[in-house]
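1. below: sequence and its predicted model.
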Amino acid sequence: MRKREKIVDVLRSTEVGREVFVEGWVRTKRGNKSVNFIALNDGSTVKNVQVVAECTNFDEELLKNITTGASIAVEGTLVESPASGQSVEIQANNITVYGTCDSTYPLQKKGHTLEFLREIAHLRPRTNTFGAVFRIRHAMAFAIHKFFNDHGFFYWHTPLITASDAEGAGAMFSVSTLDKENPPLGEDGKVDYNEDFFGRHTNLTVSGQLEGELGAMALGQIYTFGPTFRAENSNTPRHLAEFWMIEPEMAFMDIEDNMDLAEEFLKYLVQYALDNCADDLAFLEKMYDNELTERLRFVVSNDFVRLDYTEGIRILMESGVKFDYPVSWGLDLQSEHERYLVEQHFKRPVILTGYPKEIKAFYMKQNDDGKTVRAMDVLFPKIGEIIGGSEREADYNKLLTRMNEMGVPAEAMSWYLDTRKFGSAPHSGFGLGFERLILFITGMANIRDVIPFPRTPKNAEF
């Protein structure tokens, strides 16, 4: 059999008159007793190629089996298309049906709600919407690796199973091989994890940051890119229980360097999408978000505002806007506050710094005022925070004191403290939630629609 050509390449071809061989799934079939028009898609592009089948050239039973969802192979001649919206089509010479598809196939030619498509996540990648989203997801993953590789970073693999809680939040999934019905108990009546597989209580990781810092303090610049897990009962359009994180950590870089890198990184990713995902972005803009391209270009073309948290609170309090959540110094900002600063006040992306230490993690470098830390959050239009990071506390005594204040067990974290005992150095890093990035790039409204198989409270289907 001849080698298959991808439909994306066929549609770009200008060599009319040549023979082509394509394979894919039927999106639609229409026609009359004389001719059938088959829209074929193989996942390589949001666009279908039109296959023209003269009925006299094909067995009637074969044509009956070419229904929406069927898998077929087509050999034919590439010809100029008289139809609008496409420059070429395929005049079919031979068609093979690989797999038939009956009328129970749920993706018939009609509109489907995103809620319904979540119920059939095993099939939704065959729709135009999810084909576009997942091709963009791939492109962004590739661009992330390319950016860091080109900037001299090393890809660092951190454990998914860990005994530490990087965020100190406690919302973690336990990992255990103990008998759930009759676990071994200690003298205190509590579960004895000494008998467990790892000899201690372990969980799925909420972040690779702490182990990432270890890599940075040896290799200079590293990044992690992998799944993380949060056992938060947050059933919102912005939260997942399993999601992917990108976490660079850099030795010898302070908060200013950290902000510079975050801005360069985000602009690079957005520009990469504009340059390499044009067809998919155009489809999503037409169907879901008519301001999508404008918003992407807005991020690339504007310098990010760098704003102290205290000044941000003042702006919000003097805005005259009645927010759903209160605004005062010492409180964390909500999405509505973040979006006001970006969309209404500055009309540019914002990097907010100098947060109160009481609302931030133990590892952030403390400022001389004793009240704030060198944290940074990058705020984007429509979604609010997209990156969170900080300069890390490099002073052993300050870090140990803060850990004690926040109840972080110093003995169990001795390996982390060692990096401040043995050749400590200034270092910084940040975290980018991959799905938050994909939400912004695609213009989708619900985070469940930018990951193939979402994991949310009471939902672990497929």
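-> Structure received. Residues are numbered from 1 along each chain as shown.
2. now the strands for the stretch 51-200 of the chain?
-> Ranges of strands in the stretch 51-200 of the chain, per DSSP state E, counting those that start in this stretch, are 71-80, 88-99, 154-155, 161-162, 174-175.
3. possible to save the ones you listed as TSV with distance to K47 and mean pLDDT?
-> Glycine gets a C-beta too; all of them are placed from N, C-alpha and C. Formatted as TSV, these follow (distance: least, C-beta to C-beta, whole Å; pLDDT from 0 to 100):
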stretch	distance to K47	mean pLDDT
strand 71-80	15	97
strand 88-99	11	98
strand 154-155	34	98
strand 161-162	43	94
strand 174-175	44	94
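4. and of the ones you listed, who's closest to A394?
-> Taking C-beta to C-beta, strand 154-155 is the member of the strands of the stretch 51-200 of the chain nearest to A394, at 20.7 Å.
5. give me the residues contacting that closest one.
-> With contacts defined as C-beta atoms under 8 Å, 6 or more residues apart in numbering, strand 154-155 is touched by H145, F148, N149, G215, L219, Q221, I222, Y223, T224, F225.
6. M250 versus the fourth one, what's the distance?
-> Going back to what we said before, that points to G215. In this view, G215 and M250 are 10 Å apart by C-beta to C-beta, to the nearest Å.
7. what about these two, which has more around it?
-> M250 (25 against 21; other C-beta atoms under 10 Å).
8. sec struct for the more buried one, please.
-> Look at M250: counting by DSSP: H, G, I helix; E, B strand; the rest coil, its state is strand.
9. that one touches D257, doesn't it?
-> Yes: with contacts counted by C-beta atoms under 8 Å, M250 reaches D257, the gap being 7.1 Å.
10. show me the contacts for V373.
-> Contact partners of V373, counting by C-beta under 8 Å, 6+ apart, are G354, Y355, P356, K357, K360, M364, K365, Q366, N367, S390.
11. tell me the contacts of D196?
-> D196 neighbours (C-beta under 8 Å, 6+ apart): S176, T177, L178, T202.
12. count the neighbours of L219 for me.
-> The local packing of L219 (other C-beta under 10 Å) involves 14 other residues.
13. could you find the closest non-adjacent residue to it?
-> Distance criterion C-beta to C-beta, 6 or more residues apart in numbering; nearest residue to L219, sequence neighbours excluded, is F154 at 5.0 Å.
14. what are the bridge partners for that neighbour, then?
-> I222 (DSSP bridges).
15. for E338, see how far away it is.
-> 32 Å.
16. between the two, which one's more packed in?
-> E338 (23 against 14).
17. ok, the closest residue in space to the more buried one that isn't next to it in sequence - contacts?
-> Excluding its sequence neighbours, the residue lying closest to E338 (C-beta to C-beta, 6+ apart) is G384, at 3.7 Å. Residues in contact with G384 (C-beta under 8 Å, 6+ apart) are Q334, S335, E338, R339, V342.
18. these two touch, right, the fourth one and I386?
-> No: in terms of C-beta under 8 Å, R339 does not count as a neighbour of I386; the distance is 11.6 Å.
19. so for those two, which sits in the more crowded spot?
-> Neighbour count, other C-beta under 10 Å: between R339 and I386, I386 has more, with 22 against 19.
20. so that one sits in a strand?
-> Yes: under the criterion used here (three-state DSSP), I386 sits inside a strand.
21. distance of it from F142?
-> From I386 to F142 the distance is 19 Å (C-beta to C-beta).
22. all helices for the stretch 51-200 of the chain, in order.
-> 60-64, 114-119, 128-150 (DSSP state H, counting those that start in this stretch).
23. so which of the ones you listed comes closest to K458?
-> helix 114-119 (13.0 Å).
24. could you list the low-pLDDT ranges of this protein?
-> Applying pLDDT under 70 to the chain flags the ranges 1, 165-170.
25. farthest residue from the center of it?
-> T56 (49.0 Å; C-alpha atoms, centre = their mean).
26. grab the nearest non-local neighbour of that one.
-> Per C-beta to C-beta, 6+ apart, closest to T56 is S34, 7.8 Å.
27. just to check, that neighbour is in contact with E54?
-> Yes: shown here, S34 and E54 form a contact pair, counting by C-beta under 8 Å, at 7.2 Å.
28. which of the two has more residues huddled nearby?
-> More neighbours surround E54 than the other of S34 and E54, with 13 against 8 (other C-beta under 10 Å).
29. bridged to that one, which residues?
-> Beta-bridge pairing for E54 (DSSP bridges): V35.
30. roughly how far does it sit from P356?
-> Taking C-beta to C-beta, one finds E54 at 73 Å from P356.
31. likewise for L417?
-> The value you get for L417 to P356, if C-beta to C-beta is used, is 24 Å.
32. ditto for I66
-> 64 Å.
33. do the same with N276
-> 41 Å.
34. hmm, back to that, looking at I66 and P356, which is more packed in?
-> Counted by other C-beta under 10 Å, I66 and P356 do not tie: I66 has more neighbours, with 21 against 17.
35. check contacts around that one.
-> V26, K29, N36, I38, A53, I72, I95, V97.
36. try it again at 7 Å.
-> V26, K29, I38, I72, V97 (C-beta atoms under 7 Å, 6 or more residues apart in numbering).
37. what's the answer for V22, then?
-> V22 is in contact with R4, E5, I7, V10, L40, D42, V49, V74, I90, counting by C-beta under 7 Å, 6+ apart.
38. quick check, it in a helix?
-> No: V22: not assigned to a helix; according to three-state DSSP it is strand.
39. which residues does it bridge with?
-> With DSSP bridges applied, V22 shows beta-bridge pairing to V74.
40. re the thing from before, shared neighbours, M250 and D257?
-> Common contact partners of M250 and D257 (C-beta under 7 Å, 6+ apart): S428.
41. hmm, back to that, pick out the most distant pair among the contacts of D196.
-> Pairwise across the contacts of D196, and taking C-beta to C-beta, the largest span is found between L178 and T202, at 11.2 Å.
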